[in-house]
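Q: Pasting the sequence and the predicted coordinates here, then a few questions.
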Amino acid sequence: MAATSRADIRKCTDADILGDMQDPLRPTDTYLDGAMLERHAALACELIRRYWESLETRQVSSEIKPGDVYRSMPDTAPDIGLGGASFEESLRIIERDFLPALTHWQSPRFFAFFPANISTPAVIGELLSAGIGVQGMLWATSPACTEVEMRVTDWLASMIGLPESFHSTSRHGGGVIQGTASEAILAMLHAARHRARKRIGTPKSHLTSYASTQAHSSFIKAAMISGFASHPEDFEHVRLVENDDRHAMSAARLRELMLADAAQGRIPCFVCATLGTTSSGASDELESIADACDECARLTGVRPWIHVDAAWLGSAFILPEMRASLRGVERVDSFAFNPHKWMLVNFDCDCLFVQDRESLTDSMSVTPEYLRNAATESGDVTDYRDWHVPLGRRFRALKLWLVIRHFGVRGLQEYIRRHIEFACEFEALVRADPRFEVPCERSASLVCFALKQGDAASKSLIERVNTRRNIMLTQTVLPATTKSAKKFVLRMAVGAALTRREDVLRAWDEIRTCADEIQPNC
């Protein structure tokens, strides 16, 4: 059929359209072809299996140059669909061109950033979610999507030691799966502002929010999105609280800042506490922060919303012996962590728990006529579309449910505990080498270390380590304290699913070799 102009569209007949659809150049696969899925998914799974098995021998990062992958692809999309017959060729392109151009986060020698580990049950859960293809925005749009999420978040709250007030069965609490910890901070900042303004009707311009200088950058980003700041250096309504000697938030300094703001007519409405900072893994003291917020509330009539960002470290609380930093958690308003970092659940899966769900849902709820339904109107169901920014949501709870059922609490505990033991051994090796120092406490499976020769030597070391691509580390700068100056350090974060003790020992050998090369006379 010849190309049709806009003016001729109404002249098309059914025969024209049907004839066009039967063009032999077009793919003949149906849109939901179960046989095709079975055949091609098997090929894709075989590719994934080969990839997993190759991780042991691959360099951790890629030598690809900027633009190489982009230039390897055609300038334009295919005009005629290639159909199922091209699927094997597509997989060959993925394996040949795309996989070598990746940083291999699942490598047993990936020790950079924080882990983003996956597992077979989680991958299968993601496939099932995609294949089932439901929208879980309302209970009515897919009841199981909602109720499985309610149950598994309750399981998880119990597993990491949160009190009953964070469960969906409590009067005001509950859990929800967000995309990331960054989304959770934004949602909680919005809920905090809503609650403060509802209680005393304060103008938006009078509200202030607080976080440690070591808090994740997503706090500043959330402040910018929500209107507390216009740019990263706008501190008119945002306070970054100095750290103490442990690199955690100084609760005494937080108290000073909040009381000073209150004396000037401002209303402190939000505090973001961190358990497991990105740089050093430090944890803020929840009890002291809650005390400061209670004192502030007596002056202003508004208790600041306390949100706990435990994005990485939260998974470690599945171990009872790791819960010391949870002391006082019953006094916070919300708590979030990422099972997609260290609990074998693939990205994205942030679990957010609140004790005051009404403030969150009231701040997010918009109900046009097309979302109204009898179940919602009854008040007997949870509609998760009111718990976060997006309206639509997929069946993310499936992968979390499958992982917990597959490994069980004890299996997950063993997994986390093993990584912590590896990190302890690595720390001991670093401390035993007189060229190195460990300038801050190890936090679970994160070890920060540096060369005693100074920042320049440590920078040379990580550059050499990562250039060789046999392992991968990241860096940070620890802020100054009353006891030490600002320091450049290397971060060793143990947590990949395939990491074994020998991988950690091999990493230490690699680090020592590189140190020998830059300090031949030491």
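A: Yep, it's here.
Q: And the strands in the chain?
A: 174-178, 207-212, 238-241, 267-274, 305-309, 334-337, 350-354, 436-437, 446-451, 474-478, 487-493 (DSSP state E).
Q: ok, residues contacting the third one?
A: This means strand 238-241. When contacts are defined by C-beta atoms under 8 Å, 6 or more residues apart in numbering, strand 238-241 is touched by residues 208-213, 215, 220, 223, 228-229, 249-250, 253-254, 257, 261. C-betas here are computed from N, CA, C, even on glycine.
Q: Could you rerun that using 7 Å?
A: 208-213, 223, 228-229, 249-250, 253-254, 257 (C-beta atoms under 7 Å, 6 or more residues apart in numbering).
Q: any idea how far His307 is from the closest residue to Ser283 other than its chain neighbours?
A: Spatial nearest neighbour of Ser283, excluding adjacent residues (C-beta to C-beta, 6 or more residues apart in numbering): Ser325 at 4.0 Å. To His307, Ser325 is 15 Å away according to C-beta to C-beta, to the nearest Å.
Q: Show me which of the two is the more surrounded one.
A: More neighbours surround His307 than the other of Ser325 and His307, with 28 against 22 (other C-beta atoms under 10 Å).
Q: okay, now the closest residue to Glu236 other than its chain neighbours: neighbour count?
A: Excluding its sequence neighbours, the residue lying closest to Glu236 (C-beta to C-beta, 6+ apart) is Ala229, at 7.5 Å. By other C-beta under 10 Å, 20 other residues sit near Ala229.
Q: Distance of Ala229 relative to Cys424?
A: For Ala229 relative to Cys424 (C-beta to C-beta), the value is 40 Å.
Q: List the buried residues of stretch 87-105.
A: Residues of stretch 87-105 classed as buried by neighbour count (16 or more other C-beta atoms under 10 Å): Phe87, Leu102, His104, Trp105.
Q: next one: stretch 499-518
A: So, applying 16+ other C-beta under 10 Å, buried residues of stretch 499-518: Thr499, Asp503, Val504, Ala507, Trp508, Glu510, Ile511, Cys514, Ala515, Ile518.
Q: by how many degrees do the helix ranked longest in the chain and strand 487-493 diverge?
A: Criterion DSSP state H: the longest helix present in the chain is helix 397-432. Interaxial angle, helix 397-432 versus strand 487-493 (axes from the mean of the first three to the mean of the last three C-alpha atoms, to 10 degrees): 130 degrees.
Q: and the direction of helix 397-432 versus that of strand 350-354, what angle?
A: Counting by the same axes, to 10 degrees, helix 397-432 lies at 100 degrees to strand 350-354.
Q: Let me know the angle separating helix 397-432 from strand 446-451.
A: 30 degrees.
Q: okay, the angle between helix 397-432 and strand 174-178?
A: Using the same axes, to 10 degrees: helix 397-432 against strand 174-178 is 80 degrees.
Q: Helix 397-432: how far from the chain's middle?
A: Centroid separation between helix 397-432 and its chain, computed with C-alpha atoms, centre = their mean, to the nearest Å, is 17 Å.
Q: Mind checking the pLDDT average for that helix?
A: The average pLDDT for helix 397-432 rounds to 97.
Q: Now that helix: buried residues?
A: Those would be 397-404, 406-407, 412-413, 415-417, 419-420, 422-423, 425-427, 429-430, for helix 397-432 by 16+ other C-beta under 10 Å.
Q: next one: stretch 195-215
A: Applying 16+ other C-beta under 10 Å to stretch 195-215 flags 195-197, 202, 206-212, 214-215 as buried.
Q: quick check, nearest of those to Leu478?
A: Distances from Leu478 to these, taken as C-beta to C-beta, are shortest for Gln214 (9.0 Å).
Q: Spatially nearest residue to that closest one (excluding sequence neighbours)?
A: With C-beta to C-beta, 6+ apart, the residue lying closest to Gln214 is Thr277, at 4.3 Å.
Q: Adding mean pLDDT and distance to Glu95, write the strands of the chain out as CSV.
A: Conversion of these to CSV gives the following (pLDDT from 0 to 100; distance: least, C-beta to C-beta, whole Å):
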stretch, mean pLDDT, distance to Glu95
strand 174-178, 96, 32
strand 207-212, 96, 43
strand 238-241, 95, 46
strand 267-274, 97, 40
strand 305-309, 98, 38
strand 334-337, 98, 34
strand 350-354, 97, 31
strand 436-437, 96, 40
strand 446-451, 97, 33
strand 474-478, 96, 28
strand 487-493, 97, 28
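Q: out of those strands, nearest to Arg298?
A: Minimum separation from Arg298 across those (C-beta to C-beta) falls at strand 267-274, 12.1 Å.
Q: Can you give the strand pairings for that closest one, parallel or anti for each?
A: strand 207-212 (parallel), strand 305-309 (parallel) (DSSP bridges).
Q: could you point out where the protein is predicted with low confidence?
A: Confidence mapping of the chain against pLDDT under 70 gives the ranges 1-29, 84, 520-522.
Q: In contact with the spatially most central residue of it, which residues?
A: Compute the mean C-alpha point of the chain, and by C-alpha atoms, centre = their mean the closest residue is Thr180, 4.2 Å away. Contacts for Thr180 (C-beta under 7 Å, 6+ apart) come out as Asp348, Asp350.
Q: okay, the strands of the chain in a markdown table with distance to Thr30 next?
A: Formatted as a markdown table, those follow (distance: least, C-beta to C-beta, whole Å):
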| stretch | distance to Thr30 |
| --- | --- |
| strand 174-178 | 32 |
| strand 207-212 | 52 |
| strand 238-241 | 54 |
| strand 267-274 | 49 |
| strand 305-309 | 46 |
| strand 334-337 | 41 |
| strand 350-354 | 36 |
| strand 436-437 | 61 |
| strand 446-451 | 50 |
| strand 474-478 | 46 |
| strand 487-493 | 46 |
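Q: closest to Leu189 out of these?
A: strand 267-274 (5.4 Å).
Q: and the closest one, how far from the chain's centre?
A: Its chain's C-alpha centre and that of strand 267-274 lie 20 Å apart, by C-alpha atoms, centre = their mean.
Q: which residues are in contact with that strand?
A: 185, 189, 192-193, 196, 202, 206-212, 214-215, 219, 249, 254, 258, 261-262, 284, 286, 289, 293, 296, 300, 302, 304-309.
Q: hmm, back to that, and the buried residues of stretch 499-518, which two are furthest apart?
A: Pairwise over these, using C-beta to C-beta, the maximum falls at Thr499 and Ile518, 25.8 Å.
Q: So for Leu371, what's the nearest residue that isn't a sequence neighbour?
A: Using C-beta to C-beta, 6+ apart, the closest residue to Leu371 is Leu138 (6.6 Å).
Q: Settle this for me: the residue nearest to Ser283 is touching Leu275, isn't it.
A: Yes. The pair Ser325 / Leu275 is scored as a contact, 5.3 Å apart, by C-beta atoms under 7 Å.
Q: Quick check: neighbours shared by the two?
A: Common neighbours of Ser325 and Leu275 (C-beta under 7 Å, 6+ apart) are Ser283.
Q: wait, the residue nearest to Leu371 sits on Val381?
A: No. Here Leu138 does not reach Val381: they are 8.0 Å apart, not a contact under C-beta under 7 Å.
Q: In terms of neighbours, single out the busier of those two.
A: Leu138 (23 against 17).
Q: and the more buried one, what is it in contact with?
A: By C-beta under 7 Å, 6+ apart, the neighbours of Leu138 are Leu371, Asn373, Thr376, Asp383, Arg385.
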